[in-house]
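1. What shape does this take:
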Amino acid sequence: MTKAVFETAGLQDVLKKVKSIAPSRGQAFDKAAGIVIRLDPAMAGYAILEATNLELYYREWLPLLETDTTRDVAWRVASKIADVIATLPIGSGKTVTLDDGVKGDGRTLTVKSGRMKNNWQLLPIEYYPEWDTFEPEGLTPVDNFGSRLSMVEWAADSNEAAIPANGVNFDGEFATATDTYKLARVPLKIDAGWVAERSVTVPSKLLASLVKQTGTVSVGATDNQLLVMPDPSVQIRTTLYGVAYPTAGVERIVANEYDGYLEAPKGAFLDLFTRAMVVLDRDRFPMIDLFIGKGSVAVYALDEEESDLGDMLDVPGFAAHPRINYLFTPRFLIEAIDKCPGDRIQIRYDTTNPLRIMRISDGGSYNCWVVPRRGRPKPSDPEES
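-> Just a heads-up that it's a prediction; the model follows:
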């Protein structure tokens, strides 16, 4: 019987991360369900928590308050254990004790905290995927890796099967994500041979949530994996896609020039679209009319039940041309604006073609492009809505 004692808040934090990676369905669930907690007498004072979905492999070293192990121990347990431990009170002196034992025909892991006691049947560890730790000395420090990743990953395709469109591409100079309806790109300098020889594309959603958004992150690569160390206690491996990224198409979009330009406070734009989304919150495929012209930006939202909302923002000194009416998926615009750093945004657009892609930026390093929709008949002017 082996015991391990953790500070509650620290265990909650790490379990939340490993649970987000542990698969809940499909082939990955069959092979890698649950999370693994390892105790190693050679790593005095630390436990290792692991999870994988077979694309991303996560390992974190967590300080122990106490353990009595004299041998290597590996507990594989259902990831729902994180939900139980997440409900426990935190604060000074609050701890969680894990210990193993035998109950009936199998091994169990018992969770104790205060007067709470919770038993879990341990899963077989023998066939759980294994992966090696890597040496930090071989990695390249990259400034702002986490923040730049979070600025573009929203534009990647949410479909796990949409490879490589569901990933973020790194070419040594830029981080780029696109699903062909929206594109986000920011400078990200990676001065390393492995990215100079080839651009690399990685699954983006989980990686962005696991990498800190400030400071320097250590990054490297093997032939088929990106290696990431957000800090000395965390190691992440994630798949490198073998499918070429649509670089030529990205460059064509980036080269677009526009005759329309305006800028305004970021918060005012977000308020404009967010209010309209209240009307559209139950629509399966919400669309929003965006009017630019006559010194203003206006929106019109009409839901499936014929409820509507019109709103307008003046942009003095800009958009003096006749109004042009675009149709957009509002979530794309909200995400594009929300990820823009700073407190002002710039929009470049075509004053004569409402189907041409629109560019949103901060006037500096952040740029994204959003494709308008084709669709329903629209009001000719916001005053008529």
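
2. domain assignment for the protein?
-> Following automatic domain parsing, the chain resolves into domains at 3-121, 140-244, 256-384.

3. distance between the ends of the second one?
-> It stands for domain 140-244. One end of domain 140-244 to the other measures 23 Å (CA to CA, to the nearest Å).

4. still on that earlier bit, please work out which of the domains of the chain is packed deepest.
-> domain 140-244 (a mean of 19; mean count of other CB atoms under 10 Å). C-betas here are computed from N, CA, C, even on glycine.

5. And that domain, how far out from the chain middle?
-> Distance of domain 140-244 from the chain centroid (CA atoms, centre = their mean, to the nearest Å) equals 11 Å.

6. Also stretch 138-149?
-> Centroid displacement of stretch 138-149 relative to its chain, using CA atoms, centre = their mean, is 15 Å.

7. Stretch 132-140 now?
-> Put simply, stretch 132-140 sits 24 Å off its chain's centre (CA atoms, centre = their mean).

8. So, low pLDDT: which residues of the protein?
-> Flagging of the chain using pLDDT under 70 yields the residue ranges 103-106, 375-385.

9. quick one: the helices in it?
-> 8-21, 26-32, 81-86, 145-152, 193-196, 205-210, 247-254, 266-280, 330-338 (DSSP state H).

10. In a markdown table, list the domains of the chain along with distance to Phe134.
-> What follows is the domains of the chain, written out as a markdown table (distance: least, CB to CB, whole Å):
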| stretch | distance to Phe134 |
| --- | --- |
| domain 3-121 | 10 |
| domain 140-244 | 5 |
| domain 256-384 | 30 |
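
11. quick one, which of these is nearest to Trp131?
-> domain 3-121 (4.8 Å; CB to CB).

12. all strands for the stretch 151-300 of the chain, in order.
-> 167-170, 174-178, 182-187, 200-203, 216-221, 225-229, 234-239, 260-265, 288-293, 296-302 (DSSP state E, counting those that start in this stretch).

13. In CSV, list the C-alpha atoms belonging to the fifth one.
-> Spelled out, it's strand 216-221. Presented in CSV, the C-alpha positions along strand 216-221 are these (Å, rounded to 0.1, in the frame of the first residue of the first chain):
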residue,chain,number,x,y,z
THR,A,216,9.5,32.7,-23.0
VAL,A,217,8.6,29.1,-23.9
SER,A,218,11.2,26.4,-24.9
VAL,A,219,10.3,24.7,-28.2
GLY,A,220,12.0,22.0,-30.3
ALA,A,221,11.0,19.3,-32.8
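
14. What pairs with that strand, parallel or antiparallel?
-> Applying DSSP bridges to the sheet, strand 216-221 is found paired with strand 140-143 (antiparallel), strand 225-229 (antiparallel).

15. likewise the last one?
-> In the sheet, strand 296-302 lines up against strand 288-293 (antiparallel), strand 308-314 (antiparallel) (DSSP bridges).

16. Please convert those strands to a markdown table, extending it with distance to Ala155.
-> Output for the strands paired with strand 296-302, formatted as a markdown table (distance: least, CB to CB, whole Å):
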| stretch | distance to Ala155 |
| --- | --- |
| strand 288-293 | 18 |
| strand 308-314 | 24 |
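
17. Tell me which of those lies nearest to Pro63.
-> Taking CB to CB as the criterion, Pro63 comes closest to strand 288-293 out of the strands paired with strand 296-302, the separation being 48.8 Å.

18. neighbouring contacts of the closest one?
-> Here strand 288-293 makes contact (CB atoms under 8 Å, 6 or more residues apart in numbering) with 260, 262, 273, 276-277, 280, 297-302, 319-330, 333, 347, 349, 351, 378-379, 381-382, 385.
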